[in-house]
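Colleague: Sequence and predicted structure below; questions after.
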Amino acid sequence: METDKTIAIIGSGISGLMACKYTLEKGFSPIVFEARSGIGGVWSQTIESTKLQTPKDFYQFSDFSSPLAVGGTYPDHNQVLEYLQTYAVHFNVLPRIKFNSKVTCVDYVTSSTEDVLSSDLWGGSGEPFSPSGKWNVTVRYAGDPSAPTQVLHSMDYAAMHDGLATELIKEKRVTVIGFQKSVVDIATEVACKNGGSFCSFSRNTTEQVTRVRFCSRRSTGLFMKIYKDKMGIK
């Protein structure tokens with residue numbers, strides 16, 4: 001079967017590699033989004049002493065026996081990772097992987113009430129979605145200047161020593177998400193501490209999007225501008 005339909009696969013661990021291999025065989029055009037710089041999932045980043053807890057003969061692909069001359073019954077994580085890399089090369093999966101690409105959001109967009117109701121069938125009891133809808137996948141690439149370098153909860157920020165908090169936000173753009181009192185307090189503090197740089201906080205609802213920008217100026221003190229419209233921010 002030949003098709004030009006694109007399939008998005010998140011992660012290049014064992015499941016992601018298998019999904020890519022089999023969708024290729026079915027004639028689809030898969031794209032694998034991998035947040036890290038290499039394949040392997042949990043096997044690519046673990047403690048040095050990690051080994052298989054299952055005998056190697058029971059931990060291999062049914063269509064690709066391990067070509068490695070692995071000594072012992074329980075290979076270590078480096079040997080398992082090498083096996084996965086060999087699998088990816090053998091089935092030409094690597095060209096389909098976009099490394100350093102982290103999926104941050106997946107939305108199913110449809111105008112069909114039937115499609116929305118069918119989502120209750122997810123889990124193996126029926127067809128979860130019809131082909132009439134559309135999937136929107138948001139990906140953040142490493143090195144993207146618009147991507148945040150750090151994300152933390154307001155309670156974590158509030159618990160920091162004053163000097164560390166000041167250093168964390170120094171000469172950086174900061175966005176605080178939410179619209180309660182603690183958000184206003186933190187946004188104000190960040191703007192005042194940051195010596196002229198701005199901090200913004202935003203609230204998203206189905207009715208409107210509101211953004212408030214705080215700026216610290218030595219001559220006039222603190223002021224804010226509010227931008228509001230029905231569809232988005234301009």
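Modeller: Thanks, I have the structure now.
Colleague: what about L152, neighbour count?
Modeller: Neighbour count for L152, taken as other CB atoms under 10 Å: 11. Yep, even glycine has a C-beta here, placed from its N, CA and C like the rest.
Colleague: how about it, what does it touch?
Modeller: Contact analysis of L152 by CB atoms under 8 Å, 6 or more residues apart in numbering lists nothing.
Colleague: Show me the strands in the chain, by range?
Modeller: Per DSSP state E, the chain carries strands over the ranges 6-10, 29-33, 97-98, 101-109, 134-141, 174-177, 198-204, 209-217, 221-229.
Colleague: Among the ones you listed, show the one with the smallest mean pLDDT.
Modeller: Note on these: lowest mean pLDDT is at strand 221-229, with a mean of 33.
Colleague: now the protein, which segments are flagged as low pLDDT?
Modeller: Flagging of the chain using pLDDT under 70 yields the residue ranges 1-3, 67-71, 111-132, 143-149, 179, 195-234.
Colleague: So what's the residue count around the closest residue to A88 other than its chain neighbours?
Modeller: Counting by CB to CB, 6 or more residues apart in numbering, L94 is the residue found nearest to A88 once chain neighbours are left out, at 5.1 Å. As a burial measure, the neighbour count of L94 was computed by other CB under 10 Å and equals 15.
Colleague: right, and L94 touches L84 too?
Modeller: No - with contacts counted by CB atoms under 8 Å, L94 stays clear of L84, the gap being 11.1 Å.
Colleague: quick one, helices of this structure?
Modeller: Under the criterion DSSP state H, helices of the chain are mapped to 14-25, 77-90, 113-118, 154-158, 162-169, 181-193.
Colleague: Now do the buried residues in stretch 166-174.
Modeller: Across stretch 166-174, burial judged by 16 or more other CB atoms under 10 Å covers 169, 174.
Colleague: wait, stretch 83-96
Modeller: Taking 16+ other CB under 10 Å as the neighbour-count basis, stretch 83-96 is seen to contain the buried residues 83-85, 87-88, 91, 93, 96.
Colleague: Need those in a markdown table (columns: distance to E34).
Modeller: Formatted as a markdown table, the buried residues of stretch 83-96 follow (distance: CB to CB, whole Å):
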| residue | distance to E34 |
| --- | --- |
| Y83 | 18 |
| L84 | 12 |
| Q85 | 13 |
| Y87 | 15 |
| A88 | 11 |
| F91 | 16 |
| V93 | 11 |
| R96 | 10 |
